[in-house]
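>>> Next comes the sequence, and after it the predicted model I'd like to discuss.
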Amino acid sequence: MPIKIKDSLPAQQILENENIFVMTEYRAMHQDIRPLHVLILNLMPTKIETETQFLRKLSNSPLQVEVEFMQTKSYQPRHVEESHLDTFYTVFDDVKDRRFDGLIITGAPLEHTRFEDVVYWNELCEIMEWSKTHVHCTLHSCWGACAALYYHYGIPRIIIDEKISGVYPHRVIKKKSPLFRGFDDIFEMPHSRSFSVPEKAVELEKRLELMAVSDEAGIAILKSKDSSQFFFTGHPEYDSTTLAGEYERDTLKGMNPKVPEHYFPDDDPAKKPVVRWRSAGQLLYSNWLNYYVYQSTPYDVGAIDGSEEHVKEADSGENDTVE
């Protein structure tokens, strides 16, 4: 089944060229099934690239997903045409009286800025608070994850001296969780961040569960025990060349970045990266969408009120850690 997007969104042609089933609004009007309503708060400056990455991950599912994009009102992006934002984006005032099956809050290049100093911090806090009663399940990505952990649970981020950049192996902690159905015990995922999540603070927060961890990159995936919130510190949605583009950009700026780890063959930036995370990333988003959104969201999206049932892990052994 397809994802449903607005007619003529730039990502449409890219995804169709990749043989991904995309349904425009016009075509979807003739179907009677109830699509899932997923809102993406896109905080990245590279709007079109980020749109395409997330749409790609939401596409490979037997579900019809109606995707909308939202931007902040308190900060106007400078790296995208205003006409693109006017055509394809909404703001919080336009959706705050609606309910959504899923919400994705992306990362943002604000790792060295205090949360309270972010221009749109108050607006983001309002959206995160709203999500608790108007969204069935919310997924937070990278900076969006550390911002949400800080807002919802008071867990601070730790700024690190050397940026975590590369593709790292991860251990599945909750082997029997629906999130990891079809996964190997070890999977790979890109990271690109200058912060870490303090493990001790996570251990003390009984409302959170650690789902996956990397020996090199640290905590990678968390979720709330009621399965209403997910936190990814990495980027399973990244394209094959995203890390290379970031490395080239930082090099041109004279920042002397380290070569992304486990990414270029022989750690040689002149060689084409080999993708080893695409299938796991696709499965991660498909499982989130299927088991934590579709399987438990009300049929009437207007009935979402923050008190609905979420996924109950099927086996008490799901909490067993990997040996």
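Cool, the structure landed.

>>> Going by C-alpha atoms from here, please, whenever you check contacts or count neighbours.
Fine.

>>> Buried ones in the helix or strand that contains residue 221, by neighbour count?
Using DSSP states H and E, residue 221 maps to strand 218-224. Buried residues in strand 218-224, counted by 16 or more other Cα atoms under 10 Å: 218, 219, 220, 221, 222, 223.

>>> pretty sure residue 281 contacts residue 57?
Yes. Under the contact definition of Cα atoms under 8 Å, residue 281 touches residue 57, with a separation of 7.3 Å.

>>> Give the intersection of the neighbour lists for the two.
Contact criterion Cα atoms under 8 Å, 6 or more residues apart in numbering; residues shared by residue 281 and residue 57: residue 237.

>>> circling back: would you mind writing the CA trace of the helix or strand just after the strand holding residue 221 as PDB?
Using DSSP H and E, the helix or strand that directly follows strand 218-224 along the chain is strand 229-232. In PDB, the C-alpha atoms belonging to strand 229-232 read as follows (Å, rounded to 0.1, in the frame of the first residue of the first chain):
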ATOM      1  CA  GLN A 229       6.700   7.900  22.700                       C
ATOM      2  CA  PHE A 230       9.800   6.600  20.800                       C
ATOM      3  CA  PHE A 231      13.300   8.200  20.800                       C
ATOM      4  CA  PHE A 232      15.900   7.500  18.100                       C
END
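
>>> In terms of secondary structure, what does strand 229-232 contact?
Strand 229-232 is packed against strand 135-141, helix 143-153, strand 218-224, with contacts defined by 3 or more Cα pairs under 8 Å, 6 or more residues apart in numbering; DSSP states H and E.

>>> if we look at it, which residues are touching it?
Contacts for strand 229-232 (Cα under 8 Å, 6+ apart): 137-142, 145-146, 220-224.

>>> For it, which strands pair with it and how are they oriented?
strand 135-141 (parallel), strand 218-224 (antiparallel) (DSSP bridges).

>>> gap between the first one and the chain center?
In terms of Cα atoms, centre = their mean, to the nearest Å, the centre of strand 135-141 is set 8 Å apart from its chain centre.

>>> quick one: that strand to helix 143-153, angle?
130 degrees (axes from the mean of the first three to the mean of the last three Cα atoms, to 10 degrees).

>>> Could you give the separation of stretch 291-304 from the chain centroid?
19 Å.

>>> Show me which positions of stretch 58-68 end up buried.
Buried residues in stretch 58-68 (16+ other Cα under 10 Å): 58, 59, 60, 61, 63, 64, 65, 66, 67, 68.

>>> re the thing from before, so can I have CSV of the helices and strands packed on strand 229-232 showing distance to residue 8?
Formatted as CSV, those follow (distance: least, Cα to Cα, whole Å):
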stretch, distance to residue 8
strand 135-141, 26
helix 143-153, 28
strand 218-224, 34
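
>>> any idea which of the ones you listed is most buried?
Highest mean neighbour count among these (mean count of other Cα atoms under 10 Å): strand 135-141, with a mean of 26.

>>> so what's residue 250 closest to, chain neighbours aside?
residue 257 (6.3 Å; Cα to Cα, 6 or more residues apart in numbering).

>>> let me redo that: residue 11
Excluding its sequence neighbours, the residue lying closest to residue 11 (Cα to Cα, 6+ apart) is residue 52, at 5.2 Å.

>>> before we move on, what SS does that neighbour have?
What DSSP: H, G, I helix; E, B strand; the rest coil gives for residue 52 is helix.

>>> again, but for the one 10 residues further on
Following three-state DSSP, residue 62 is assigned to coil.
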